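Asker: Model the following, please.
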Amino acid sequence: MKKTLIHLPNWLGDSIMAMPAVASLVKSSPPDSVVGLCKPAVRSIWSVASVPLPLIEIPATLSATLKSRELLRPHDFGRCIVLPNSWRGAFIPFTASIPVRRGARGHWRSLILTDVVDPTHPPKHLSRDYATLLGVPEEMLEDSSLITVPEPTRERIREILSRLDGVSAEAPLFGILPGAARGPSKRWSTESFISTGKMLQAELGGSIVVLGAGNERQLCQEIADGIGGRALSFAGTLSFLEGLGMMESCQALISNDSGGMHMAWALGRPLVAIFGITDPTKTGPLGSRSCVLQKSERRSRSVPRDCPEARAALARITPLHVMEAVASVIAP
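Answerer: Predicted coordinates for the structure are as follows:
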């Protein structure tokens, strides 16, 4: 039997939403018969997938796209399932002469795909769309513990926490992820995160870790300083794996609609996700350990970076709403 190549999504959040279906396909296929093709930016998340997937990395450049024929043809793939919706995603298996090329309709790709899949009606969660493309029945999907933190990383996080003043192994640890790459349309206010952190400390006796990327240092430090007490910012100070390990150590996490939200969901951690006007039925976290907060009747996947309507919807979510949601996701 010839191997199957899965052209994996290009973004971290989309990659995580593809994991339930990819894991199910790998489990149901002969050993080493499914291989993933990915960009460098998402290799790290696939390297810690709970169901291991062999990976071929291809840089996100035109020259790499044109050389994909030489990269892929020696593997003699029988089919490629294209998860990205881009034209480039379909062109790579086409130029590599992979005989069966399956992908969603759009972006003028129908002529270079051999198996075109039309959108579902009504629209489903993106993880279910990926299941359709991969031919995986929805009842086979698992939506928790999609990634596994290596044990050495867990030990490193325990060591870091043990050295921090005011952080006790007996007290609950809560994580705040206040960033969002999409900008103000997806960011709950700094003041609201600060108020929530203070309430977590006062009512639940918790310590707070504020997590984010290097370009979110100022935002995260402002929130940690505003909360005070047992609140610390780790933005930009942890490796990718250490960031996952810190999230895993938290009793619950509070996040905007962001890549961090998807990582928390993939770890199976209790999660409160704050949405403006983006559509959580399409891209929100799933499962009983996740709670989505949204105060908007409008739902859209395409939202400008700074949309007044989105900011107004976010402002209607209060720290009390978030505290009630935290209590619901950590309840036994």
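
Asker: Would you map the helices across the stretch 201-332 of the chain?
Answerer: With helices called from DSSP state H, counting those that start in this stretch, the stretch 201-332 of the chain shows them at 217-227, 240-249, 259-266, 280-283, 308-315, 319-330.

Asker: How about the stretch 51-200 of the chain?
Answerer: 62-66, 68-72, 87-95, 126-134, 151-162, 190-204.

Asker: and of these, who's closest to R269?
Answerer: helix 151-162 (13.4 Å; CB to CB). To be clear about C-beta, it is placed using only N, CA and C from the backbone, and glycine gets the same treatment.

Asker: Please tell me how far that closest one is from the chain's geometric centre.
Answerer: Here helix 151-162 is found 23 Å from its chain centre; the criterion is CA atoms, centre = their mean, to the nearest Å.

Asker: Can I get it in PDB, CA atoms only?
Answerer: The C-alpha coordinates for helix 151-162 follow below in PDB (Å, rounded to 0.1, in the frame of the first residue of the first chain):
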ATOM      1  CA  GLU A 151       8.600  14.600  31.100                       C
ATOM      2  CA  PRO A 152      11.900  16.500  31.200                       C
ATOM      3  CA  THR A 153       9.900  19.700  30.400                       C
ATOM      4  CA  ARG A 154       7.500  18.900  33.200                       C
ATOM      5  CA  GLU A 155      10.400  18.500  35.600                       C
ATOM      6  CA  ARG A 156      11.800  21.800  34.500                       C
ATOM      7  CA  ILE A 157       8.500  23.600  35.200                       C
ATOM      8  CA  ARG A 158       8.200  22.100  38.600                       C
ATOM      9  CA  GLU A 159      11.700  23.300  39.300                       C
ATOM     10  CA  ILE A 160      10.900  26.900  38.100                       C
ATOM     11  CA  LEU A 161       7.700  27.000  40.200                       C
ATOM     12  CA  SER A 162       9.400  25.700  43.300                       C
END
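
Asker: Residues contacting that helix, please?
Answerer: Helix 151-162 is contacted from outside by 167, 169, 173, 241-242, 244-246, 248-249, using CB atoms under 8 Å, 6 or more residues apart in numbering.

Asker: Okay, angle between that helix and helix 240-249 too, please.
Answerer: Orientation of helix 151-162 against helix 240-249 (axes from the mean of the first three to the mean of the last three CA atoms, to 10 degrees) gives an angle of 70 degrees.

Asker: sorry, back to before: which among the contacts of helix 151-162 count as buried?
Answerer: For these, a neighbour count by 16 or more other CB atoms under 10 Å gives the buried set as 167, 173, 241-242, 244-246, 248-249.

Asker: Now flag whichever of those residues is closest to D76.
Answerer: The closest of the buried ones among the contacts of helix 151-162, once distances to D76 are taken by CB to CB, is L241, at 33.5 Å.

Asker: Distance-wise, check that closest one relative to T148.
Answerer: As judged by CB to CB, to the nearest Å, L241 and T148 stand 11 Å apart.
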